[in-house]
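Undergrad: Starting from these lines, generate the structure:
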Amino acid sequence: MKIGILGAAGYTAGELLRLLINHPQAEIVFANSESNAGNPVTDVHEGLIGDTDMRFTSEMPFSEVDVVFFCFGHGKSEAFLKEHAIPSDVRIIDLAQDFRIKSPGNDYVYGLPEINRSLIAHARHVANPGCFATCIQLALLPAAAMGLLTSDISVNAITGSTGAGQKPSSTTHFSWRADNMSIYKPFSHQHVPEIRQSLTQVQGSLPCDIDFIPYRGNFARGIFATSVVKTDATLDDITAAYKDFYKDAPFTHYCDNAIDMKQVVNTNKCLVHCDKFGNKLLVTSCIDNLLKGAVGQAVQNMNIMFGLDERCGLALKASAF
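TA: A predicted model of the protein is given here:
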């Protein structure tokens, strides 16, 4: 597969380049960055030193590629498509939030393989899910399949600083982030609508609120989430349902024991674990925000779109120590 990357200088693009350079069926034709055009990719993505001599380019030769990845900031993908023509036979995987909510105005398939694999396989355009959305949905989708989501759901999740992008800000620089913790966008995070969309797809309706409190964490990458659902279902029944729901998912795994974030950092995995306290179901889930929460899932979607094994190019070991 011949590949083009737009917005190639950011954190997600750097991880995407790392994966695709080592993908046995991928050839990167261009990595577009207007501000870095002509410079070596390794000037920005220093972790790739020794792996590539590629240079950023201002060119966008869409006729030479099979698929293009949009690694823009949110809101820029839709604007880009209004100004540029991409051949109809070139597939698009968009990592921004522009097309994640279904609309009659676009044909983008929501790229969560655990529920949309067959749609992704036939899609021309895929909207890659958000990082928080991926972690939280994968925690709750089996419960939705059981019809358990009938009262308000309480969700708390903490993310690493890379989730805020590569451009420094007042809440990402080291002296602020170190030994610190804070919340942001309580009850109003932009990923809630896509979470509702998927849970409704699986359960049929969602007659409850998702009370989501996001946290900024004192670490670079990873997401750890806890979700609380009120239900009288037994833990044995819930566990059996979770294992069955993910039995064919190559990257999402139900764990009998408690999980921790280091088990997934640097992988495309999501781990999920359930506990029951009276009528309260506690679901913990964790992912790497840059991989299963972004480009790892995007490559997984690419593999599905081109008929490859989902795991191709994604055999990654966790940074457990």
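Undergrad: show me where pLDDT drops low in this protein?
TA: The chain contains residues with pLDDT under 70 at 163-170.
Undergrad: And the helices in it?
TA: Here the chain has its helices, by DSSP state H, at 11-21, 41-44, 76-83, 113-121, 131-145, 174-177, 192-203, 235-245, 296-305.
Undergrad: Quick one: list the elements packing against the fifth one.
TA: Contact analysis of helix 131-145 by 3 or more C-beta pairs under 8 Å, 6 or more residues apart in numbering; DSSP states H and E lists helix 113-121, strand 153-159, helix 192-203, strand 210-216, strand 223-230, helix 235-245, strand 270-277, strand 280-287 as its packing neighbours. From N, CA and C alone the C-beta is placed, and that goes for glycine too.
Undergrad: can you put these in a markdown table and add mean neighbour count?
TA: Below are the helices and strands packed on helix 131-145 laid out as a markdown table (neighbours: other C-beta atoms under 10 Å):
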| stretch | mean neighbour count |
| --- | --- |
| helix 113-121 | 18 |
| strand 153-159 | 22 |
| helix 192-203 | 20 |
| strand 210-216 | 19 |
| strand 223-230 | 22 |
| helix 235-245 | 16 |
| strand 270-277 | 20 |
| strand 280-287 | 23 |
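Undergrad: among the ones you listed, which is nearest Ser175?
TA: strand 210-216 (14.1 Å; C-beta to C-beta).
Undergrad: Listing partners with orientation, what would you give for the closest one?
TA: strand 153-159 (parallel), strand 182-183 (antiparallel) (DSSP bridges).
Undergrad: Now tell me what touches the longest one from outside.
TA: Identification of contacts with strand 153-159 by C-beta atoms under 8 Å, 6 or more residues apart in numbering yields 131-132, 135-136, 140, 181, 208-217, 222-229, 289.
Undergrad: give me every residue that touches Cys135.
TA: Counting by C-beta under 8 Å, 6+ apart, Cys135 has contacts Ala157, Ile223, Ala225, Cys270, Ser285, Cys286, Ile287, Asn289, Lys292, Gly293.
Undergrad: The nearest residue to Pro214 once chain neighbours are set aside: how many residues sit nearby?
TA: Excluding its sequence neighbours, the residue lying closest to Pro214 (C-beta to C-beta, 6 or more residues apart in numbering) is His189, at 5.3 Å. The tally of other residues near His189 (other C-beta atoms under 10 Å) stands at 20.
Undergrad: repeat for Met60
TA: Using other C-beta under 10 Å, the number of residues around Met60 comes to 16.
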